[in-house]
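Trainee: Okay, here's the prediction I keep looking at, along with the sequence it came from:
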Amino acid sequence: MQKRVSCLVLCLALFVALSAHAAAAESSVGVVVDGVTLPETTVTKVIDRNTYVSYWPVVCALYPDATVAWENGQSVARAEGLCLSVCPNARYIVANGRYLYVPDAVQTEGANILVPARVLAKALGAQVQWDQASSSVVFQKGTGPIQSGDTYYNGEDLYWLSRIISAESGNQPLSGKIAVGNVVLNRVANSKFPNTVKGVIFQKNQFTPASSGSINRTPNAESVIAAKLCLDGANTVGNSLYFVNPSVSPNSWACRNRTRVATIGAHAFFA
């Protein structure tokens, strides 16, 4: 019995030591902004090789006039030319009306809200790189905050992309909505298909909502968000050009002739 207790104590001590080591390794990531190292208390976290940083200290360092407030369940930072909304656990942040994808969601550590460094840099109009020598993420101020959504998003593309997403996947998870948008945009970029969003959607015998008329229904809110995320580079299915619902079309042409890339919700996607 005494031997078993000793073993348990030893295992517990080892667990605590390993946990402390992991925490130290995580917190050892430094954050440098315009050549100035932020305090060691600046929280960082690595998820799937992406370095998350506490967003507010970086905003303050790049925009000294910035203010922050808690509004409608999210942290909102404002500075000259910048309005940045960050909601804990959301899979995107919103900067000047631009929707930027966060695949592993906005994280929290105590009172700190963490965003992937590259996503945060894009929102703030900054450059970011990894400095191996100092194990730090290094931000460098750019010419100003991100361009506003009002001037960045093409109105016609957003109109049709949000409608096809809603018609085809309005009841699917956000990642599935993004995937449908990816298929449309991948086709636009492919010489075998029309070179506009509207042209791709209305190509003969391609999208049922285009022929049935359901394409004209007002899209739900998340489908509009998904369209903006796609137009800002979010991608959940790589270079997929086709998607089907296998339960509806188990022997479709795509299933028989194309490479399956992913299955998200009710849809299978093929390159």
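Mentor: Right, received. Where do you want to start? Small disclaimer: the values here were computed from a predicted structure and weren't measured.

Trainee: Distance from stretch 61-76 to the middle of the chain?
Mentor: 20 Å (CA atoms, centre = their mean, to the nearest Å).

Trainee: scratch that, stretch 160-175 is what I was asking about
Mentor: Distance of stretch 160-175 from its chain centroid, counting by CA atoms, centre = their mean, is 17 Å.

Trainee: ok, now stretch 167-183?
Mentor: Relative to its parent chain, stretch 167-183 has a centroid offset of 14 Å by CA atoms, centre = their mean.

Trainee: end-to-end on it?
Mentor: The first and final residues of stretch 167-183 sit 14 Å from each other (CA to CA, to the nearest Å).

Trainee: Would you mind giving the secondary structure of residue 52?
Mentor: Counting by DSSP: H, G, I helix; E, B strand; the rest coil, the backbone at residue 52 sits in strand.

Trainee: Just give the nearest non-adjacent residue to it, would you?
Mentor: If the residues on either side of it in the chain are set aside, residue 52 comes closest to residue 114, at 3.9 Å by CB to CB, 6 or more residues apart in numbering. Bear in mind the C-beta positions are built from the backbone N, C-alpha and C, glycine included.

Trainee: Dihedrals phi and psi, that neighbour?
Mentor: Note on residue 114: its backbone torsions stand at phi -110, psi 140 [degrees, to the nearest 10].

Trainee: quick one: contacts for it?
Mentor: The contact partners of residue 114, by CB atoms under 8 Å, 6 or more residues apart in numbering, come to 43-45, 52-55, 106-108.

Trainee: ok, 10 Å please
Mentor: 43-45, 47, 51-56, 86, 88, 102, 105-108, 120 (CB atoms under 10 Å, 6 or more residues apart in numbering).

Trainee: do residue 139 as well
Mentor: Per CB under 10 Å, 6+ apart, neighbours of residue 139: 31-36, 38, 53, 58, 61-62, 117, 120-121, 124, 126-129.

Trainee: Same check on residue 191?
Mentor: Contacts for residue 191 were tallied using CB under 10 Å, 6+ apart; there are none.

Trainee: Can you give me the distance of it to residue 260?
Mentor: 23 Å (CB to CB, to the nearest Å).

Trainee: Repeat that for residue 124.
Mentor: Residue 124 sits 38 Å away from residue 260, going by CB to CB.

Trainee: These two: who's more crowded?
Mentor: Neighbour totals were compared for residue 124 and residue 260, and residue 124 leads with 28 against 15 (other CB atoms under 10 Å).

Trainee: Quick check: that one touching residue 59?
Mentor: Yes - here residue 124 reaches residue 59: they are 6.7 Å apart, a contact under CB atoms under 10 Å.

Trainee: Find the residues that touch each one of these two.
Mentor: When contacts are counted by CB under 10 Å, 6+ apart, residue 124 and residue 59 have 33, 66, 77, 79, 82, 84 as shared neighbours.

Trainee: out of these, which is most surrounded?
Mentor: When neighbours are counted by other CB under 10 Å, residue 84 leads these with 28 neighbours.

Trainee: quick one: contacts for it?
Mentor: Contacts for residue 84 (CB under 10 Å, 6+ apart) come out as 55-56, 59, 63, 66, 68, 74-78, 93-96, 98, 100, 115, 120, 123-124, 145-146.

Trainee: go with 6 Å
Mentor: Shown in contact with residue 84 (CB atoms under 6 Å, 6 or more residues apart in numbering): 77, 95, 123.
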